[in-house]
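Visitor: Next one to model:
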Amino acid sequence: MKGATIAKTIIISENVISEIEALKKKSGKNILIFGSPTAAHSLMAHHLIDEY
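Guide: Okay, the predicted model is just below:
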């Protein structure tokens with residue numbers, strides 16, 4: 001999917017923590033994450049998941 005274009009979708013494959021932090025600072029709706037358990041654990045460790 002790297003390089004793919006999907007409407008209203010941002011694909012993040014590098015610098016996940018900093019990219020999610022930047023997205024959370026913007027106004028808008030919810031962020032839905034599809035990814036590996038490793039990515040989810042990293043986001044949990046940085047307190048970036050608000051709702052499960």
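Visitor: so how far is the helix or strand of the chain with the lowest mean pLDDT off the chain centroid?
Guide: Ranking every helix and strand in the chain by mean pLDDT, DSSP states H and E puts helix 37-45 at the bottom, with a mean of 90. Relative to its parent chain, helix 37-45 has a centroid offset of 10 Å by CA atoms, centre = their mean, to the nearest Å.
Visitor: which secondary structure elements does that helix contact?
Guide: The contact analysis (3 or more CB pairs under 8 Å, 6 or more residues apart in numbering; DSSP states H and E) places helix 37-45 against helix 16-25. (C-beta placed from N, C-alpha, C; glycine too.)
Visitor: Run through who's touching the helix it packs on.
Guide: Residues outside helix 16-25 that contact it (CB atoms under 8 Å, 6 or more residues apart in numbering) are 10, 12, 31, 33, 39, 42-43, 46, 48.
Visitor: Could you list the low-confidence segments of this structure?
Guide: The model of the chain has pLDDT under 70 over residues 1-4.
Visitor: rerun at 80
Guide: The chain contains residues with pLDDT under 80 at 1-5, 35.
Visitor: Point to the residue nearest the middle of it.
Guide: Residue closest to the mean C-alpha point of the chain, counted by CA atoms, centre = their mean, is residue 20 at 4.6 Å.
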